[in-house]
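>>> Sequence unavailable; structure follows:
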């Protein structure tokens, strides 16, 4: 029996306009795919991110053009299927991610077990999930914090006056702070701001400099009083090695690296290089966030708050309780969606 693939574009609204140093958005477009095999159905998701120049329309066009080949594969396991998809869509890792995620969901359902149990992981080892506070006025950022009391906040920075923003937020909570500059600082700004952020109780800094500023990062790495994590500088598997000696850790995002299959390899390689691991999100709904949850016991930090930031969802199956994520117990990803009911 051959595989069958279906797909849909979704565009979920944010609870609040979501602003980072690269711009603002009010909705998150994404591609959701369904893979059916032997009466089981698996689901995957890939959000479109403007600065990576892959749209949902491009993902759909690529998938439609090679749909026959996607469906004709003799399916046995996700790793083999990922390698096939990786060569089928060499320039579209986002699409490969959605299909790889659906493949793992399908595989777990065929085996009758949630993914983390297939990987023999301990759910109790999952770190707490942070909650992101996008750039806004001080008043609005404080209001967002007060609306969502949380043990860890990830605060977007990378703009003039951002340290003062963090200082203003600190006056309202003792929660752990992480900051994400999204490559928004110069080397000089980072050198000046990071010690001040340390004084404000910040735990770590994500992507302080431009992704290709290796020289600046090498110096900053040696001098920074806070751990530095790569995000834009760590997209695919080959980047893990390059981050060693420039960053203290990496943020792995499934959509960027092309799915669960390469993410598992990236985690192993990062651990060999003594790099800490964050598994991050790109504002996925519950579908994509559930995939992160199953990988979470392997991570040092988790950023999977997409369903909390969005005003609507594509699926059910995840529960958040003050930073603690309850691992789904149903087979595969452990989620349910009605997107393909028609």
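Now that the structure is in, tell me what you want to look at. In this text the structure is predicted, and so the values were computed from the model without any measurement.
>>> Just the element for residue 287, please.
According to DSSP states H and E, residue 287 maps onto helix 286-295.
>>> Under the pLDDT cut-off, which ranges of the stretch 201-342 of the chain? List them.
The stretch 201-342 of the chain contains residues with pLDDT under 70 at 342.
>>> for it, what spans make up the helices?
214-223, 238-243, 254-257, 260-272, 286-295, 306-309 (DSSP state H, counting those that start in this stretch).
>>> Buried residues of the fifth one, list them for me.
In terms of neighbour count (16 or more other CB atoms under 10 Å), helix 286-295 has its buried residues at 286, 287, 288, 289, 290, 291, 292, 293, 294, 295. Where C-beta positions appear, they are placed from N, C-alpha and C, glycine not excepted.
>>> about what we covered before: with distance to residue 15 as extra columns, can I get the helices of the stretch 201-342 of the chain in CSV?
Below are those laid out as CSV (distance: least, CB to CB, whole Å):
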stretch, distance to residue 15
helix 214-223, 34
helix 238-243, 32
helix 254-257, 21
helix 260-272, 27
helix 286-295, 15
helix 306-309, 6
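>>> which one of these lies closest to residue 121?
helix 286-295 (7.6 Å; CB to CB).
>>> any idea how far that closest one is from the chain center?
9 Å (CA atoms, centre = their mean, to the nearest Å).
>>> For the helix holding residue 287, name the packing helices and strands.
Here helix 286-295 touches strand 40-47, helix 93-111, helix 115-118, helix 254-257, helix 260-272, strand 276-280, helix 306-309, going by 3 or more CB pairs under 8 Å, 6 or more residues apart in numbering; DSSP states H and E.
>>> The first one to helix 286-295, inter-axis angle?
Note on geometry: by axes from the mean of the first three to the mean of the last three CA atoms, to 10 degrees, strand 40-47 and helix 286-295 are set 100 degrees apart in direction.
>>> and residue 213, how many residues sit next to it?
19 (other CB atoms under 10 Å).
>>> Quick check, it in contact with residue 185.
No. The pair residue 213 / residue 185 is not scored as a contact, 9.8 Å apart, by CB atoms under 8 Å.
>>> of all the helices of the stretch 201-342 of the chain, which lies closest to residue 103?
Checking those against residue 103 by CB to CB gives helix 260-272 as the closest, at 8.3 Å.
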